[in-house]
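1. here's a sequence, model it:
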Amino acid sequence: MKLIAGIYIAVFLTIMSIFILAVHFSETPEHLIVGKWKEVSWEYERVNKVGNEKISKTSEEIKQLLGEKLIIHQAETWDFKPNRSLLLIGPNSTKELEWRLKGRGHILQLKWKNHYIENYEIDVINDSVMIINFESDIEIRGIAKLTFTKEKK
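-> Next up, the predicted model:
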């Protein structure tokens, strides 16, 4: 009886050790996001449209409308630092703000110095690509999709 209990304990401890090692060495979204990401595309997808309804506004007009409610990021490099600071490096300026992952690591929250907060849903994140979505509830309901590639060190 003691032998069977000892075998169960040994199996349990082995499984727990493997699980702990797997979690320890796996790439979490927090580790994956740190580094420089170059924005490669900005797309807008309209939701709740009727049939084959077309968007009559140009991409620039949509960005302008969305820009009234949120900050439009374009042609920027996002440099996520391990200390949770984020540098938005644009062609003419650099802005610094805070970042954090919320939920189960699928919500990227950006907090500006004026306490304005932006929330993005992380759709894809791996060693080379990050796709984030911003859902708009303004006049033109839809999702802004930003795609980034990670710069190699």
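
2. helices of the chain, start to end?
-> Along the chain, counting by DSSP state H, helices occupy 2-25, 29-33, 59-67.

3. pull the CA atoms of the shortest one into CSV?
-> Coordinates of each C-alpha in helix 29-33 appear next as CSV, following Å, rounded to 0.1, in the frame of the first residue of the first chain:
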residue,chain,number,x,y,z
PRO,A,29,2.5,38.0,-23.9
GLU,A,30,4.4,40.2,-21.4
HIS,A,31,7.7,38.9,-22.6
LEU,A,32,6.7,38.8,-26.3
ILE,A,33,5.6,42.4,-26.4
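
4. tell me which strands and helices that helix is in contact with?
-> strand 94-102, strand 117-125 (3 or more CB pairs under 8 Å, 6 or more residues apart in numbering; DSSP states H and E). All C-beta atoms are positioned from the backbone trio N, CA, C, and that covers glycine.

5. let's have these in a markdown table, adding mean neighbour count and mean pLDDT.
-> Listed next are those as a markdown table, based on neighbours: other CB atoms under 10 Å; pLDDT from 0 to 100:
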| stretch | mean neighbour count | mean pLDDT |
| --- | --- | --- |
| strand 94-102 | 14 | 93 |
| strand 117-125 | 16 | 91 |
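
6. and the ones you listed as TSV, adding distance to residue 145?
-> Shown next, in TSV, are those (distance: least, CB to CB, whole Å):
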stretch	distance to residue 145
strand 94-102	19
strand 117-125	8
